[in-house]
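Visitor: need a structure here:
(2 chains)
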Amino acid sequence: DAGVIQSPRHEVTEMGQEVTLRCKPISGHNSLFWYRQTMMRGLELLIYFNNNVPIDDSGMPEDRFSAKMPNASFSTLKIQPSEPRDSAVYFCASSFRGYRPYTDTQYFGPGTRLTVL
Amino acid sequence: SQQGEEDPQALSIQEGENATMNCSYKTSINNLQWYRQNSGRGLVHLILIRSNEREKHSGRLRVTLDTSKKSSSLLITASRAADTASYFCATDGGTGKLIFGQGTTLQVKP
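Guide: Predicted structure coming up:
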């Protein structure tokens, strides 16, 4: 299995531009997570999907951020317009949500390093 | 808000020594997991311990869980330079999402 695939690996953009990050989860997994990691705030969960449905988006910082999962093999995280404070590493992770007792473990992609100038 | 808090924040040891990292959390859990992150990489799952377990081993890793104290520890025995990484605990409250701590940065000197 190729693991979780993210693209692009690096993105440099200017303030005000739209940024789209992409993720392909592991085949067969039914849960997908988007995280943001910075030195100051650590690893933050932005949004969590189960069976392509957003379950918890309480971590999405503001309306500039949106995420979609049109099918089980693809998700996007969009920032529009981008700001310098959005600079971070964005990780996508996937897992299989089974039955009780839950023992989900998450598989992380390599991340997208976003720099907003 | 962060659920897990690791202690210490940073740890530096010599190769061959043991490394112990601690994690405290605040609410009830279904299980607790430890992950490793090498510099510039994504997190990798190491070990999971369920709420009804007290100790678990995997190779050179030993994890303990004390639900009465809401704490866990990760012991890496006979450390190697390749163990240099950041280690995170993560709690699963049964909602399908994990809450990660701030991590412990481990440096193993050859």
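Visitor: partners of the residue most central in space within chain A in the sheet?
Guide: Nearest to the geometric centre of chain A sits residue A:34, at 2.5 Å (C-alpha atoms, centre = their mean). Taking DSSP bridges, one obtains residue A:47, residue A:92 as the residues bridged to residue A:34.
Visitor: might one say that residue B:78 is in contact with residue B:16?
Guide: Yes. Under the criterion of C-beta atoms under 8 Å, residue B:78 lies in contact with residue B:16, with a separation of 5.9 Å. C-beta here means a position set from N, CA and C on the backbone, and glycine is covered the same way.
Visitor: quick check, the residue in chain B closest to chain A?
Guide: When scored by C-beta to the nearest C-beta, chain B has residue B:42 as its residue closest to chain A, at 3.3 Å.
Visitor: what are the ranges of the strands in chain A?
Guide: Counting by DSSP state E, chain A forms strands over residues A:5-7, A:10-13, A:19-24, A:31-38, A:42-50, A:53-56, A:65-71, A:74-79, A:88-95, A:107-108, A:112-116, given from the N-terminal end onward.
Visitor: do the same with chain B
Guide: Counting by DSSP E, chain B has strands at residues B:5-7, B:10-14, B:19-24, B:31-37, B:43-50, B:55-58, B:61-66, B:71-76, B:85-92, B:98-100, B:104-109.
Visitor: any weak-confidence spans in chain B?
Guide: Chain B contains residues with pLDDT under 70 at B:1-4.
Visitor: hmm, I typed the wrong one, I wanted chain A.
Guide: Applying pLDDT under 70 to chain A flags residues A:1, A:100-101.
Visitor: coming back round to it: make CSV out of the strands of chain B and add mean neighbour count.
Guide: Supplementary listing: those in CSV, determined by neighbours: other C-beta atoms under 10 Å in any protein chain shown:
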stretch, mean neighbour count
strand B:5-7, 18
strand B:10-14, 13
strand B:19-24, 20
strand B:31-37, 24
strand B:43-50, 19
strand B:55-58, 12
strand B:61-66, 18
strand B:71-76, 20
strand B:85-92, 24
strand B:98-100, 24
strand B:104-109, 18
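Visitor: which one of these lies nearest to residue A:27?
Guide: Closest to residue A:27 of those is strand B:43-50 (C-beta to C-beta; 17.8 Å).
Visitor: alright, that wraps it up for me.
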